[in-house]
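J.: can you look at this prediction? I've put the sequence above it.
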Amino acid sequence: MSAAVLERATDDLPVVTTPWDDVLTPVGPTTVHDVSVALDDLERIQARIDALEGEKLLAVERARRAAVRCEPDLLAGEQLRVLRAGTARRHELARRAFVADVATTLRLGERQADHLVDTAQILTSSGAATLGELCRGRFGARHATAMADVLADLPDAQARAAVQAEALPRAATATPAQFRAYLRRARDRAHPEPFTLRHARAAAKRGVFVDPAADGMAWLSAYLPATTAHAAHDRLTTAARTAQESGDSRTLSQLRADAYAALLLSGAEPAAGPVPDLADHARRIVPRVQVTVPVMALLGRSDDAAELTGHGAIDPKVAAFLTARAPSLRRLLVDPVSGALLPADPGTYAVPAALRTYLEARDGTCRFPGCTRPAPRCDLDHTVAWADGGRTTADNLAHVCRRHHVMKHETRWSASQETDGTIVWTSPTGRVSRDPVADPVDLTGRELVPPDPAELPEPPS
């Protein structure tokens, strides 16, 4: 479209003439009710935006199907190369032309446009339930895109239906990051291929990547097995916290980054600060990861998945390898029929080690909606305060990061807990948010007793 045509099209758009101050500054005294009314408006607007995102996907798919039906019109049929091209090549060229048209129409990069076309096609063919909820404004485009990415990675209709049935009820109350975690777990359970084979194939794609950023900076990232990544992050975090406790004024994020760089560049001149000392300290730290493993799986008599706290399912062979080399094992006493954790003495303030271990596995992260700080880095909070008669039981304890712990006690935010572990948060304006347990921990048969090392499976190669 030429600049002149674009200018004329823009002239057709409605012009907002309302003075901003009249909208943003109410007349008269303001109360919490006014805050709540504005948030209600925000919620309605977001629902309309989400519904329009669903309509946009339908329009994209309608355009794609039309493009398929008129494929010859998208190609330069008079060109000798096109005339000689095979069917697959002609399909590829036509799709390329269509995606470029979508990209210029929506002012997107062609890679983004290609992903949008794929998302629309997958949701209309295999994700009708997801697309329907999006068109009703129940959740956002990022949720729907995450679902489409998972559905595209599943081999059959039965697995795709199972993932939608399990994960979709979570979408309306979860952030996109939380929803992706639910989808990972649902995919692991529904995928017909054994986890070990999938992990081996994914591990073969491991790598390190660098991407440019502004102001002379860059991103350095690594794609690694989950246990390795969490262990590395734990080592950097522990080194950073120790440095802060020794008086280092850098932030936790800065210290992690400096320790990371120093460990990789030992012997090089530091960019700033006492980085070599930080690297030496980090080398002496033993990283910590927490894995919940069914004993029968350790003995090779069960296919039950192991769980890495704060992440999800991991390869059973890796779990067995970690368990065989663990300096200690914590025993979780469970009811042999229901699998429920047997209660400890609720009349003591201190949380017993077995209960603490169970709650780390149950919560995974801070239980404030949307917060992803790992449970081991959070406070274990009595939902009903001990001073107010709260008991030290699983249904009155939850992990809350320091930021949200302080907010719970020093603002009008409040929390209550239901028997299934769901935390119900109420904001100062009276709005209610529910944080269900991410993936209820099935503890049946998971009493962690030290097995005979001779019976453990061989470590992974």
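T.: Thanks, I have the structure now.

J.: tell me which helix or strand the closest residue to Gln164 other than its chain neighbours sits in.
T.: In this structure, Gln164 finds its nearest non-sequential neighbour in Ala129, 5.1 Å apart by Cβ to Cβ, 6 or more residues apart in numbering. Where C-beta positions appear, they are placed from N, C-alpha and C, glycine not excepted. Ala129 is located in helix 128-135, with elements delineated by DSSP states H and E.

J.: could you do Ser433 as well?
T.: Ser433 belongs to strand 432-435, assigned by DSSP H and E.

J.: direction included, what does that strand pair against?
T.: Paired with strand 432-435 in the same sheet, following DSSP bridges, are strand 423-426 (antiparallel).

J.: list the buried residues for the strand holding Ser433?
T.: Residues of strand 432-435 classed as buried: Asp435 (neighbour count, 16 or more other Cβ atoms under 10 Å).

J.: and that strand, how far out from the chain middle?
T.: 18 Å (Cα atoms, centre = their mean, to the nearest Å).

J.: okay, now Leu74: neighbour count?
T.: 17 (other Cβ atoms under 10 Å).

J.: is it true that it touches Glu92?
T.: No. Judged on Cβ atoms under 8 Å, Leu74 makes no contact with Glu92 at a distance of 11.4 Å.

J.: tell me who's in contact with the most centrally placed residue in the chain.
T.: For the chain, the residue lying nearest the average C-alpha position, counting by Cα atoms, centre = their mean, turns out to be Ala177 (3.2 Å). Taking Cβ atoms under 8 Å, 6 or more residues apart in numbering, we find Ala177 in contact with 370, 372.

J.: next one: it from Pro376, what distance?
T.: 18 Å (Cβ to Cβ, to the nearest Å).

J.: need the contact list for His191.
T.: Under the criterion of Cβ under 8 Å, 6+ apart, the neighbours of His191 are 154-155, 159, 198.

J.: show me where this structure has strands.
T.: 207-212, 218-223, 291-292, 306-308, 312-314, 379-382, 397-400, 414-417, 423-426, 432-435 (DSSP state E).

J.: which of the ones you listed is buried the deepest?
T.: Counting by mean count of other Cβ atoms under 10 Å, strand 397-400 has the highest mean neighbour count of those, with a mean of 26.

J.: quick one: average pLDDT of that strand?
T.: Averaging pLDDT along strand 397-400 yields 94.

J.: tell me which other helices or strands it touches.
T.: helix 353-363, strand 379-382, strand 414-417 (3 or more Cβ pairs under 8 Å, 6 or more residues apart in numbering; DSSP states H and E).

J.: tell me, how many residues neighbour the residue nearest to Leu116 when sequence neighbours are not counted?
T.: Leaving aside its chain neighbours, Leu116 sits nearest to Val60 (6.0 Å; criterion: Cβ to Cβ, 6+ apart). Residue neighbour count, defined by other Cβ under 10 Å, stands at 22 for Val60.

J.: same deal with Gly86?
T.: Gly86 has 8 neighbouring residues, counting by other Cβ under 10 Å.

J.: how about it, phi and psi?
T.: phi -80, psi 170 (degrees, to the nearest 10).

J.: domain-wise, how is this structure divided?
T.: For the chain, automatic domain parsing gives the domain ranges 42-192, 224-284, 291-337+443-455, 353-435.

J.: redo the ones you listed as a markdown table? Include distance to Asp34.
T.: As requested, the domains of the chain are exported to a markdown table (distance: least, Cβ to Cβ, whole Å):
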| stretch | distance to Asp34 |
| --- | --- |
| domain 42-192 | 13 |
| domain 224-284 | 36 |
| domain 291-337+443-455 | 39 |
| domain 353-435 | 9 |
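
J.: show me where the stretch 1-150 of the chain dips below the pLDDT cut-off.
T.: Counting by pLDDT under 70, the stretch 1-150 of the chain contains low-confidence ranges at 1-23, 26.

J.: surely Thr426 touches Lys408?
T.: No. Using Cβ under 8 Å, Thr426 makes no contact with Lys408, being 10.5 Å away.

J.: rewinding a little: to Met147, which of the strands of the chain lies closest?
T.: Of all the strands of the chain, it is strand 312-314 that lies closest to Met147, at 16.7 Å by Cβ to Cβ.

J.: what mean pLDDT does that closest one have?
T.: 68.

J.: same deal with stretch 161-177?
T.: Mean pLDDT, stretch 161-177: 92.

J.: okay, it in CSV with CA atoms only?
T.: Extracted as CSV, the C-alpha positions of stretch 161-177 are listed here (Å, rounded to 0.1, in the frame of the first residue of the first chain):
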residue,chain,number,x,y,z
ALA,A,161,-8.7,-34.3,23.1
ALA,A,162,-7.2,-35.5,26.4
VAL,A,163,-5.0,-32.5,26.7
GLN,A,164,-7.8,-30.0,26.1
ALA,A,165,-10.1,-31.8,28.5
GLU,A,166,-7.5,-31.7,31.3
ALA,A,167,-5.9,-28.3,30.8
LEU,A,168,-8.6,-26.1,29.3
PRO,A,169,-10.6,-25.6,32.7
ARG,A,170,-7.4,-24.0,34.1
ALA,A,171,-7.0,-21.4,31.3
ALA,A,172,-9.6,-18.9,32.6
THR,A,173,-7.8,-18.5,36.0
ALA,A,174,-4.1,-19.0,35.0
THR,A,175,-1.5,-16.7,33.6
PRO,A,176,0.0,-17.7,30.3
ALA,A,177,3.1,-19.0,32.1
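
J.: that's all I had, so thanks and see you.
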